[in-house]
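Here's a sequence, model it:
(chains A and B)
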Amino acid sequence: MARSARPRRVNLALHAALLPLTITALLAYVGSVLWSIRISLSSSKLFPRDDWVGLDQFQRLFETERWTVSLQNLGLLAVIYLVGVLVLGTLMAIFIDQQVKGESWFRTIFLYPYAMSFVVTGLIWQWLFNPNLGLQHAFRALGWESFTLDWTVRQDMVMYAIGLAMIWQGSGTTMAIILAALRGVDEEQWKAARLDGVSKPRYYRSVVLPQLGPAFATALTLLAVALVRTFDVVIAMTSGGPGDASEVPAKFIIDHLFGRNNIALASAASVVMLATVFTVLAPLLYWRAKAEARASAGH
Amino acid sequence: MSSTPIASPARRAEVVRPRRPLITPARIGVYAFLLSTSVFFLLPLYVMVVTSLKSAAEVRQAVMFAWPASPQFGNWVEAWSTACIALACEGIQGGFMNSVRLVVPATLLSVFLGALNGYALSFWRSKWGDILFGIMLLGAFVPFQVMIYPLVAWTRMGGFYNTYWAILMVHCIFGMPVLTLLFRNYYVAVPNELFKAARIDGGGFWRIFFQLMLPMATPMLIVATILQVTGIWNDYLFGLIFAGKDNYPMTVQLNNLVNTTFGERRYHIDMAATILTSLVPLLVYFFSGRWFVRGIAAGAVKG
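This is a model prediction of the structure:
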């Protein structure tokens, strides 16, 4: 509809209606991102300062051991979490799709942890991983003397513990997304494949999974966003410890904003996260758009 | 797996065949996988419930899977009303009230704004609207660490940092990209003829919205409400930063109860409080069923 065709009263209403969106988009999103970038280029400590120090804060950031540890931890967590959730979620979806009895029970059981907050998730798993009172002790008491599950007190294993808790919490969503996509796969293909003597695992590997590109991209974006935000679960489970073995970037930023009063360094860290997200995300979104275009062109 | 090479009468068999009556090794494998995965997902819930009903002595015995000799429902009462968080011994009931007081208005407001945005962006196309929509699309992916300090500074300047209004506003801001996208995608699929007819009948901007488009989007309103209720209830970070001590939501109170208590850890009380905190989103999940799943897919559209 051409703009000129609208009465002024309507245009006024439209702009009034868009006012909250306008303020949010310009101030809260664009404005805060720009301001964070600006602060990351200053020497601000407790309060914002107007000076320019170039990229000093970024240099200092990458000389800070806690930050590099946080980044490495997030990288490790990304591998554990993404691989864990995608593999487990896809397997659950495929197995549920085998016309099993009690399908809705399984779906409910696999997805319910997603309704729990990350704080609750962290607290439950902290308890399960407690070396003296938790699963380790319980299994030993049952007679499995050598059973060891002390990940949360070991610096080299603590990220796996957090990863496991997050996989428990989030696999159901991937299962739900993949299952919905599986239901959209044409069953005639299986009939044809079976007549050709193709086994079921092979059918899934070579025929079905390649068709699920858009669903995987959707699941992956959802997981990636959750990953970058990782904070609550760490606070609840380990508070970053033992030592700084489970520090993550979000916690680094919050600690430097509020505990250590170094807002310039924290802003530099958040700008690094922002840049990382968009570098990783851009190809993913592009791939998804292409996959979706291909999928709709195929119909 | 379960496929056997099929000879010539395959096509007839295909028609007559009922739903896989055979017990094959493959079928057993399928169920074995599903059942053992179920154990993995249910075990933490079981342990949480059992622990919350134990006495302190039973927790120390550390037989994690054992059912308590006599279930101590008093633990739940204590977690609710008398457990100590730092110096205040009032349980987490205050956190519950704070969460309710926040979730209801924040959900109503953010869902309403999402619907309004979606309606304005899809039926009243304007260049400005398209620009805003583009920003929101990207905004959904901005890690919120980037926005926290500016929002703190601005709410402080406005004089309402650490208040109820700050946390209410923050939830509306962070909910807006998803909800706008959700409703825009819903309204884009509505035939434009319907909108044109309403225009010809003399409907104005607001009248078409309130009398036609808002009621029509009921399914999306339900999905968006579920999304926001669980999301806001489960939020920890924003509540911690923006709400102020008097308005700490239940998740913050829970973490304080568990992780900042001095002296001996009382796991049975901790677990009782954990159950109480997750009760609302769990009930939403169990009663909303497929709507909840639709919310995931819808939320995933934007990321």
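
If I look at B:L132, what pLDDT would I see?
Looking at B:L132, its pLDDT is 93.

Domain boundaries for chain B, per the record?
B:10-81, B:93-302 (automatic domain parsing).

now, of those, which is deepest in the fold?
domain B:93-302 (a mean of 20; mean count of other CB atoms under 10 Å in any protein chain shown). No exception for glycine: its C-beta is placed from N, CA and C like everyone else's.

about what we covered before: need the domains of chain B in TSV (columns: distance to chain A).
Output for these, formatted as TSV (distance: least, CB to the nearest CB, whole Å):
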stretch	distance to chain A
domain B:10-81	4
domain B:93-302	3
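
Out of the ones you listed, which gets nearest to A:Q211?
domain B:93-302 (17.2 Å; CB to CB).

can you list the weak-confidence ranges in the chain?
I'll assume chain A. Applying pLDDT under 70 to chain A flags the ranges A:1-5, A:292, A:295-299.

my question was about chain B
For chain B, applying pLDDT under 70 flags the ranges B:1-22, B:261-262, B:297-303.

and A:R60, how far is that from chain B?
Using CB to the nearest CB, to the nearest Å, A:R60 is found at 17 Å from chain B.

Give me the buried positions along the strand or helix carrying that residue.
Using DSSP states H and E, A:R60 sits in helix A:56-63. Using 16 or more other CB atoms under 10 Å in any protein chain shown as the test for burial, helix A:56-63 gives A:56-58, A:61.

how about those in TSV, adding distance to B:Y119?
Listed next are the buried residues of helix A:56-63 as TSV, based on distance: CB to CB, whole Å:
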residue	distance to B:Y119
A:D56	47
A:Q57	43
A:F58	43
A:L61	43
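
circling back: out of the domains of chain B, nearest to A:V272?
Of all the domains of chain B, domain B:93-302 sits nearest to A:V272, with 9.9 Å by CB to CB.

now that closest one, how far from the chain's geometric center?
How far domain B:93-302 lies from its chain's middle: 9 Å, per CA atoms, centre = their mean, to the nearest Å.

so what's A:T148 closest to, chain neighbours aside?
Using CB to CB, 6 or more residues apart in numbering or on different chains and skipping residues adjacent in sequence, the residue nearest A:T148 is A:Q136, 6.3 Å away.

and that neighbour, what does it touch?
Shown in contact with A:Q136 (CB atoms under 8 Å, 6 or more residues apart in numbering or on different chains): A:129-130, A:147-150.

Just the ones in helices from those residues, please.
Counting by DSSP state H, the part of the contacts of A:Q136 found in helices is A:F129.

Can you check the contacts of A:Q136 and name whichever has the most neighbours?
A:F129 (23 neighbours; other CB atoms under 10 Å in any protein chain shown).

Tell me the spacing between it and chain B.
A:F129 is 11 Å from chain B, by CB to the nearest CB.

circling back to that earlier point, what's the closest of the buried residues of helix A:56-63 to A:T24?
Nearest to A:T24 among the buried residues of helix A:56-63, counting by CB to CB, is A:Q57 at 27.8 Å.

Excluding chain neighbours, what is closest to that closest one?
A:Q57 sits nearest to A:A268 (CB to CB, 6+ apart), 4.0 Å away.

isn't there a helix covering that neighbour?
Yes - counting by DSSP: H, G, I helix; E, B strand; the rest coil, A:A268 is found in a helix.
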